[in-house]
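Novice: Next one to model:
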Amino acid sequence: MSDATAWPAGFRVGHWTDAAAGTGCTVLIPPPATVCAVDIRGGGPSTRETELLAPQAPLAEVTGVLLSGGSAFGLDAAAGVVRWCLEEGIGYDVVTDEDVEAEGAALLAPYATVLTGSHPEYHTARTLDAHAGYLAGGGRLVYLGGNGFYWRIATSPAVPGVIEVRRAEGGIRAWEAQPGEYYHALDGQYGGLWRRNGRPPQRLVAVGFSGQGFFEGSYYRRQPGADDPRAAFIMDGVQDAVIGDFGLSGGGAAGFELDRADAALGTPPDAVVVASSEGHGPSYVVVPEELLSHLATVSGEKPARLLRADMTYAELPGGGAVFAVGSITFCGSLSHHRYDNNVSRILRNVLDRFRARGA
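Specialist: Down below sits the predicted model:
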């Protein structure tokens, strides 16, 4: 079913795409007591646990269905889901951007902690407002990606399940919008970057898009902010100067698309940068909106200094807080050495602190 309105009540659907690799995965979470069946066809099917759906099997209901990319590597995405649940023992719900668009901050408010995916790039004004409202109410947000909250998009109840993006003016873009195409047809609002619309990502999650390269991961280096008493819990049990020099996504926790802190763009004045990435390869470039020329940048820093991911912590008025990793490849390092590594430890430290505050 391509039309979101065709799903029965109580079903939730989430999707992730790796456009460069031509793959992705979709997760379907049905309501309790849902019965599932499967019809396997073709000469080379790739399935997991489908025998549990046979009529003679004792399984009474299905709690989730994962449709993975077309390879053994895509199929193994299910192992990551299972392993994380098993190793960390952390319960969670999954909500989609469409859910947040419809229900706003009230949907997020009951949760002690909200985590993003690794690439939450496209947002409407309502989804930004929902996240901002959640934080203003004392919520704690973990931004686990890079290039997030970047493009303004539009939706309309007249055409459910459809989003519109107009890549006006600046930004790293897959195509160039022509004059007269800068305004959304669905809501009449000016498209393009949220930064150009007066809402840089730094205002919401303390960091914003700064550099991009091939799907190559590097590492973070511990910064003096890691010893700040407000943020010291993040590095509890982590003595390493180098963090995340390993991983499934490009070989390192800091890579592909990078976000940095910038007070001029809205990073909270008391935010703490606990680690910053370095060592990015020659494929990495500064995003256009950061450049005045090939030598000069908006911030006044040298272009090479803008090629970094800032792992940042910010405490907010009203008891809210943000932890941001500033990198798309961060989550690919969690499973290294059976989840016994400094990246996984940092995330667990943050979740334990954020969840305890919500208890």
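Novice: so how far is residue 239 from residue 115?
Specialist: Separation of residue 115 from residue 239 (C-beta to C-beta, to the nearest Å): 26 Å. For the C-beta atoms, the positions are set from N, CA and C on the backbone; glycine is no exception.
Novice: Looking at these two, which is more packed in?
Specialist: Ranked by neighbour count (other C-beta atoms under 10 Å), residue 115 and residue 239 place residue 115 first, with 19 against 7.
Novice: partner residues bridging that one?
Specialist: For residue 115, the beta-bridge partners are residue 142 (DSSP bridges).
Novice: was I right about it contacting residue 142?
Specialist: Yes. Counting by C-beta atoms under 8 Å, residue 115 does reach residue 142; the two are 4.4 Å apart.
Novice: top helix in this protein by residue count?
Specialist: Looking across the chain with DSSP state H, the single longest helix is helix 342-357.
Novice: Helices of the stretch 151-300 of the chain, start to end?
Specialist: Residue ranges of the helices in the stretch 151-300 of the chain, as given by DSSP state H, counting those that start in this stretch, are 201-205.
Novice: List the contacts of the residue nearest to residue 181 when sequence neighbours are not counted.
Specialist: Among residues not flanking residue 181 along the chain, residue 166 sits closest, at 6.0 Å (C-beta to C-beta, 6 or more residues apart in numbering). By C-beta atoms under 8 Å, 6 or more residues apart in numbering, the contact list for residue 166 reads 152, 177, 181-184, 191-192.
Novice: 6 Å - rerun?
Specialist: 177, 182, 184, 191 (C-beta atoms under 6 Å, 6 or more residues apart in numbering).
Novice: now residue 283
Specialist: Taking C-beta under 6 Å, 6+ apart, we find residue 283 in contact with 213-214.
Novice: any idea how far the residue nearest to residue 181 is from residue 123?
Specialist: Residue 166 is 14 Å from residue 123, where distance means C-beta to C-beta.
Novice: again with residue 237
Specialist: For residue 237, the distance to residue 123 - C-beta to C-beta - is 34 Å.
Novice: Mind checking which of these two has more residues around it?
Specialist: The neighbour count for residue 237 versus residue 123, taken as other C-beta under 10 Å, is higher for residue 123 (25 against 9).
Novice: For the closest residue to the more buried one other than its chain neighbours, give me the pLDDT.
Specialist: Nearest residue to residue 123, sequence neighbours excluded (C-beta to C-beta, 6+ apart): residue 149, at 5.5 Å. On the pLDDT scale, residue 149 is placed at 97.
Novice: Please apply the same query to residue 57.
Specialist: On the pLDDT scale, residue 57 is placed at 59.
Novice: Equivalent analysis for residue 108, please.
Specialist: At residue 108, pLDDT is 96.
Novice: try residue 18
Specialist: pLDDT, residue 18: 73.
Novice: Now for it: which residues touch it?
Specialist: Residue 18 is in contact with residue 24, counting by C-beta under 6 Å, 6+ apart.
Novice: Can you report phi and psi for it?
Specialist: The phi/psi pair for residue 18 (degrees, to the nearest 10) reads phi -110, psi 90.
Novice: Report the beta-bridge partner residues of it.
Specialist: Assessed by DSSP bridges, residue 18 has beta-bridge partners residue 23.
Novice: Same question for the one 10 residues further on.
Specialist: Taking DSSP bridges, one finds residue 13, residue 65 as the beta-bridge partners of residue 28.
Novice: That one and residue 11: what is the separation?
Specialist: Separation of residue 28 from residue 11 (C-beta to C-beta): 7 Å.
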